[in-house]
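# predicted structure and sequence below. I'll ask about it afterward.
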Amino acid sequence: MSMHMMSLVMMLAPSDPTGSGDVAKDVVESELVTLLTMLGIVVVAAIVAHVVLGWLLSRLSRLSRGRLRWGGVLAEAAKFPVGLAIWLLAATWVLEHASALWVFFSKGDANVATDVDHFVHMILPAMRIIIAVFCGTLFVSRSVRRAQHVIEQQAADTGSEMDMTALQALFGIGVVFVWIIGVIVGMQSLGMNMSAILTIGGIGSAAFAFASKDVIANFFGGIMVLFNRPFRVGDWVIIKGIEGGIERIGLYATHIRTGDKRLVYVPNSVFVSGVIENTSERTNRRLSETIGVRYDDFDAVESIIADLEQLFAGDESIDHDQAVRVSFGGYGDSTIDISILAFTCTTSIAEFGKIRERLMLEVGRVVHKHGADFAFPTMTVDMPAQTT
C-alpha cells in the first residue's frame, strides 16, 4: 500500500480517544475530498486516454486501404483491447483508492485494515497482470483474424482459387494457439510453477505427436502448399508418378484429377519432400523432332537444312527469344538425320498440336522440293559369291 494510502487508512480507522472530534472530523473530510479528487482524476484520465488513443488508432486503421495495409490491420485490431485495458486498469486504481472507504465505514475494525492491505498488495497487482496478459492476447488473436480477413479479401479481388475452408481452419488453429500461449504466460506471471505442467504436457504432446505423425506431416504439408503456392487449383502437375489437374487443396490432402478422369487423393506430406513439376507454369512448349532422309539424298542435305532454318526463322508461332536450331543430326543406320529444336509462343497443348502439325507438314514439303525423300529402314545382305 502506498504511503498516502497507509496514512489515510490510519486516519480513518481508529477512534478518537482524546475527544477532539472536530479536528478528526475536519481531517477525515479533507482526506475524503482528496480521495474523491484522485478518483475523479483517474476517471478523467481514463476518458482522455480512451478518446485520444481511439482517435489515433482509428486514423491508423485507415492505412488498411493503402500501401501500409498491415499497419492498418494492427491498428484496427488494437482499438478494442486498448480501450478495454484502459478502463480495466483505471478500475483497479479506483479500487485501490476507494478501498480506504471500506476502512472508514468499518468503524476501525483491524481485520478490515488487514484485508485492505492484502487486497492492495496482493490481489490488485495480480489483477493488473491478468488484465495486461488478457488484453495483449486479445490483441494478437484479433490481429490474426484481421489478417485472415485481408487475405480473403485479396483472394476475392484477384479471383484466386484459394481454399477458404482450409484458410479459415488454419487461422482458427492459430487463434487457439495464441490463447494457449496467453494462458501459459499469464499463469507464469502470477508466480505459478509451470515446469511440471509443461513437462507433463510435453510428454503428452510427444506421445500424441508420435501417434499422429502422419496427420501432423500432412497438416504442415498443407500449410506449405497454401503459403508457398507451388501450384493452384486448375494447374496441371506431375508428382510421384501422378499426373493430373489440381481440383482442391485441403489441409490434409490435395485432390488431383488425372488425364483419364480418375480422382486421386494425395496426402500433403508428399509435397514436403517430393519433387513437384507444375507444367502449367511453363513459358513455352518445346518442339523437338528428328527427321531422316535417304543416303541417296546426301547432296541435298545442306540445302534442306538452309530452307528449314528460313522456315522456322520466319514463323510467327515460334518464340525467337529462345533457341531455334536446325542442324545435321548424325548418320543413322539407314538415314541421314536432321535435328530440329524450337519453342512455340503458346503453352496450350491444343494450339501446340496445331502448330506442330503445320510445321512438320511444311518440313515434308521442303524435303520433297529438293527431290529428296524420307528413308525407310533398310538392310543390305552381302552374299558370298558362288563357285561353280
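Yes, it's here.
# and the residue lying closest to Val270 once chain neighbours are set aside, how far is that from Ser58?
Leaving aside its sequence neighbours, Val270 sits nearest to Lys240 (Cβ to Cβ, 6 or more residues apart in numbering; 5.9 Å). Any C-beta I mention is one placed from the backbone N, CA and C, and that applies to glycine too. Using Cβ to Cβ, to the nearest Å, Lys240 is found at 52 Å from Ser58.
# what of Arg325?
Arg325 is 64 Å from Ser58, by Cβ to Cβ.
# in the stretch 151-300 of the chain, which spans are helices?
Under the criterion DSSP state H, counting those that start in this stretch, the stretch 151-300 of the chain carries helices at the ranges 164-189, 194-211, 213-228, 270-273.
# where among those helices is average confidence lowest?
In terms of average pLDDT, helix 194-211 trails the rest of the helices of the stretch 151-300 of the chain, at a mean of 59.
# give me the buried positions along the host helix or strand of Val144.
Element membership for Val144, per DSSP states H and E: helix 124-158. By neighbour count on 16 or more other Cβ atoms under 10 Å, the buried set for helix 124-158 is 124, 127, 131-148, 150-152.
# below-threshold pLDDT in the stretch 1-150 of the chain: ranges please.
For the stretch 1-150 of the chain, residues meeting the criterion pLDDT under 70 lie at 1-32, 35, 62-71, 98, 100-110, 112-113.
# state the distance from the residue nearest to Gly292 when sequence neighbours are not counted to Gln154.
Spatial nearest neighbour of Gly292, chain neighbours left out: Thr335 (2.8 Å); criterion: Cβ to Cβ, 6+ apart. Distance, Thr335 to Gln154, by Cβ to Cβ: 57 Å.
# same thing with Ala300?
Distance from Ala300 to Gln154, by Cβ to Cβ: 61 Å.
# what's the answer for Ser317, then?
Taking Cβ to Cβ, one finds Ser317 at 36 Å from Gln154.
# same check on Ala350?
With distances taken as Cβ to Cβ, Ala350 is found 32 Å from Gln154.
# could you do Ala372 as well?
59 Å.
# who does the nearest residue to Gly332 once chain neighbours are set aside form a beta bridge with?
Of all residues not flanking Gly332 in the chain, Gly292 sits nearest, at 5.7 Å (Cβ to Cβ, 6+ apart). Listed by DSSP bridges, the beta-bridge partners for Gly292 are Asp337.
# which ones are touching Gly292?
Gly292 sits next to Gly332, Ser334, Thr335, Ile336, Asp337, Ile338, Phe374, Ala375 when contact means Cβ atoms under 8 Å, 6 or more residues apart in numbering.
# if we go to 6 Å?
Gly332, Thr335, Asp337, Ala375 (Cβ atoms under 6 Å, 6 or more residues apart in numbering).
# pLDDT wise, what is the second one at?
The pLDDT attached to Thr335 in the predicted structure is 91.
# what segments of the protein are strands?
For the chain, strands defined by DSSP state E occupy the ranges 236-239, 242-249, 253-258, 263-267, 277-278, 285-293, 325-331, 336-344.
# mind listing what's buried in the first one?
The neighbour-count criterion (16+ other Cβ under 10 Å) identifies Trp236, Val237, Ile239 as the buried residues of strand 236-239.
# return the distance of that strand from the chain's centre.
Distance, stretch centre to chain centre, for strand 236-239: 23 Å (Cα atoms, centre = their mean, to the nearest Å).
# ok, now the second one?
Averaging C-alpha coordinates over strand 242-249 and over its chain gives two centres that are 21 Å apart (Cα atoms, centre = their mean).
# quick check: mean pLDDT across it?
87.
# let me know the average pLDDT across stretch 283-303.
Taken as a whole, stretch 283-303 has an average pLDDT of 93.
# report the buried residues of that stretch.
Asn284, Arg285, Leu287, Ile291, Gly292, Val293, Arg294, Asp297, Ala300, Val301.
# report the contact partners of Met38.
Met38 touches His97, counting by Cβ under 6 Å, 6+ apart.
# for Leu89, see how far away it is.
For Met38, the distance to Leu89 - Cβ to Cβ - is 15 Å.
# same check on Glu277?
Distance from Glu277 to Leu89, by Cβ to Cβ: 57 Å.
# looking at the two, which is more packed in?
Neighbours per residue (other Cβ atoms under 10 Å) separate Glu277 from Leu89, with Leu89 holding more: 18 against 14.
# count of neighbours near Ala85?
22.
# next one: Tyr331
Neighbour tally, Tyr331, other Cβ under 10 Å: 12.
# now stretch 50-57: buried residues?
His50, Leu53, Leu57.
# what do you get for stretch 353-366?
Ile355, Arg356, Leu359, Val363, Val366.
# report the contact partners of the first one.
Meaning Ile355. By Cβ under 6 Å, 6+ apart, the contact set of Ile355 is Ser317, Thr344.
# try the third one
For Leu359, the set of contacting residues under the criterion of Cβ under 6 Å, 6+ apart is empty.
# gap between it and Gln322?
Taking Cβ to Cβ, one finds Leu359 at 15 Å from Gln322.
# for the last one, same thing?
The spacing between Val366 and Gln322, counted by Cβ to Cβ, is 22 Å.
# what's the most distant pair in the contacts of Gly292?
Spanning the widest gap among the contacts of Gly292 are Asp337 and Ala375, at 9.5 Å by Cβ to Cβ.
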